[in-house]
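# this is a predicted model, with the sequence first.
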Amino acid sequence: MDERQIKRAIAGDRKAFAAIMQTQASYLVKMAQLYVARDADVQEVISETTLTAFTSIHTLKKPAYFRTWLTKILIRTCYQRYAQHQHEAPDVPLPDVPSGDSELRAEMRMDILNGIRQLNERYQQTLLMYYYNGLSIHEIHLLTSLSENTIKTHLRRGKAQLKEWLGGDYYEN
């Protein structure tokens, strides 16, 4: 990511901000899909995240941490959305049973995501950030303010709960 462009956005350059957000679009969609199920909610979360980032980009102290900062905004927005809609029944359709190797991997990925959604919220968030978003333990620490040892514990316990939920035989495949 171009730090000069981020610095221009911090200084109030709207075009620089728009360009940065375009480069982050697919990342934001993938992240939001991990936290909210419906496409309409994904789009709303991204819109709210973009608006919050735009109005508060002047608070970003280190341009190198732009993505971490943006991720933190997105996660908070997802949790706010979840809190607002937790009384609603989820309408997440289950995927059709696939055939073929690539489709089998996609099914396994869906099983794992469904398993992660069954976990304790602390473990769920940590596993998603670490395995699906590729954030390091230190980056998760910066986002959540948890100690790095706590993050390691959440990863270990979350994986153990996921293994139990999926079943030992499935987990080893």
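Thanks, I have it.
# the longest helix along the chain - contacts with which helices or strands?
Criterion DSSP state H: the longest helix present in the chain is helix 14-35. Here helix 14-35 touches helix 3-10, helix 39-56, helix 66-85, going by 3 or more CB pairs under 8 Å, 6 or more residues apart in numbering; DSSP states H and E. C-betas here are computed from N, CA, C, even on glycine.
# format the ones you listed as a markdown table; extra columns: mean neighbour count.
Below are the helices and strands packed on helix 14-35 laid out as a markdown table (neighbours: other CB atoms under 10 Å):
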| stretch | mean neighbour count |
| --- | --- |
| helix 3-10 | 17 |
| helix 39-56 | 16 |
| helix 66-85 | 18 |
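# gap between residue 110 and residue 133?
17 Å (CB to CB, to the nearest Å).
# out of those two, which sits in the busier spot?
A side-by-side neighbour count of residue 110 and residue 133, using other CB atoms under 10 Å, places residue 133 first with 17 against 13.
# correct me, but that one touches residue 31?
Yes - Residue 133 is within contact range of residue 31, at 6.2 Å (criterion: CB atoms under 8 Å).
# tell me where this protein is predicted with low confidence.
Counting by pLDDT under 70, the chain shows low-confidence ranges at 1, 82-106, 168-173.
# name the nearest residue to the most centrally placed residue in the chain, sequence neighbours excluded.
Nearest to the mean C-alpha position of the chain, by CA atoms, centre = their mean, lies residue 31 at 3.4 Å. Excluding its sequence neighbours, the residue lying closest to residue 31 (CB to CB, 6 or more residues apart in numbering) is residue 74, at 5.5 Å.
# which residues touch the one you found?
Neighbour list for residue 74: 28, 31-32, 35, 45-46, 49 [criterion: CB atoms under 8 Å, 6 or more residues apart in numbering].
# if we can go back for a sec, quick one: common contacting residues for residue 133 and residue 31?
Listed as contacting both residue 133 and residue 31 by CB under 8 Å, 6+ apart are residue 71.
# rewinding a little: please report the distance of the residue nearest to the centre of the chain from residue 48.
Distance of residue 31 to residue 48, computed by CB to CB: 13 Å.
# same list (the helices and strands packed on helix 14-35) but as a markdown table, adding distance to residue 141.
Formatted as a markdown table, those follow (distance: least, CB to CB, whole Å):
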| stretch | distance to residue 141 |
| --- | --- |
| helix 3-10 | 22 |
| helix 39-56 | 21 |
| helix 66-85 | 10 |
